[in-house]
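*Asks:* My questions concern the predicted model and sequence given below.
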Amino acid sequence: MENEPNYISLPSEKAVVAERERLQYRKKYFRTLRTTLYALVVVAAAAVLVATLFFPVLQISGSSMEPTLSDEDIVVLLKGGNFETGELVAFYYQNKLLLKRVIAGPGDIVNIDSEGNVYVNDELLDEPYVTEKALGEGDRDYPYQVPDERYFVMGDNRATSIDSRSSAIGCIETDQIVGKVILRIWPLNRLSFVN
């Protein structure tokens, strides 16, 4: 009994096949997981890039654009270079982003009467987005001609908005403009295209 040979039992063919399948499945699982993670990273990076380059997102702060936009609304902008009367634009002013409505473009003549009616090139603007007209606080003399490469902007809440009617902000330069508002995405119950 002292010299009995030690035999190693080999696994059955069925057990070998099962282990091989388990290892292949594990390898396939981790490969799929890695591919999925790479795809998610690429999609997230692309989304950030698109949002930064083409569709910046902005949260409204303040009441100067009421009733069109309210405090804490979140909007999506479209970067672009041509802005038309009536469009909402976001622009840089003293390291802040402000949001106002384009009233007149380069070379246009703006006139505001004592009742708050706005005329551009001697035509009364149809402003359904304004609920209460007001002259507001400003130090401009009217009629006023908008300089080249600039836009005359005003908030929809005319009584409280500080905008191009004041020389503190004045007419905004084209290169100050980040983009125009195209969509309100928050709150969800007010999800809509903005104009």
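*Replies:* Structure received.
*Asks:* Check for me that V110 belongs to a helix.
*Replies:* No. Under the criterion used here (DSSP: H, G, I helix; E, B strand; the rest coil), V110 is strand, not part of a helix.
*Asks:* Hmm, it is touching I103, no?
*Replies:* Yes. Counting by C-beta atoms under 8 Å, V110 touches I103, with 6.4 Å between them. In short, each C-beta sits where N, CA and C put it, glycine included.
*Asks:* between the two, what contacts are shared?
*Replies:* Common contact partners of V110 and I103 (C-beta atoms under 8 Å, 6 or more residues apart in numbering): 118, 120, 152.
*Asks:* out of those, which are buried?
*Replies:* 118, 120, 152 (16 or more other C-beta atoms under 10 Å).
*Asks:* what's across from the last one in the sheet?
*Replies:* Using DSSP bridges, the bridge partners assigned to F152 are A104.
*Asks:* Contacts only, for it.
*Replies:* Contacts of F152 (C-beta under 8 Å, 6+ apart): 102-105, 108, 110, 144, 146, 164, 171.
*Asks:* could you pull out the helices for this protein?
*Replies:* Secondary structure of the chain (DSSP state H): helices at 13-53.
*Asks:* Out of the helices and strands in the chain, which is least certain?
*Replies:* Every helix and strand of the chain was ranked by mean pLDDT, DSSP states H and E. The lowest is strand 192-193, at a mean of 72.
*Asks:* Quick check: neighbours of that one in the sheet, parallel or antiparallel?
*Replies:* Here, using DSSP bridges, strand 192-193 pairs with strand 177-186 (antiparallel).
*Asks:* Mind listing what's buried along the partner strand?
*Replies:* For strand 177-186, by 16+ other C-beta under 10 Å, it's 177-182, 184.
*Asks:* and S64, how many neighbours?
*Replies:* For S64, the neighbour count with other C-beta atoms under 10 Å is 22.
*Asks:* Oops, could you answer that again for K100 instead?
*Replies:* K100, neighbours per other C-beta under 10 Å, totals 24.
*Asks:* cool, K27 as well?
*Replies:* The number of residues near K27, taken as other C-beta under 10 Å, comes to 10.
*Asks:* go on, F55?
*Replies:* Neighbours around F55, by other C-beta under 10 Å: 15.
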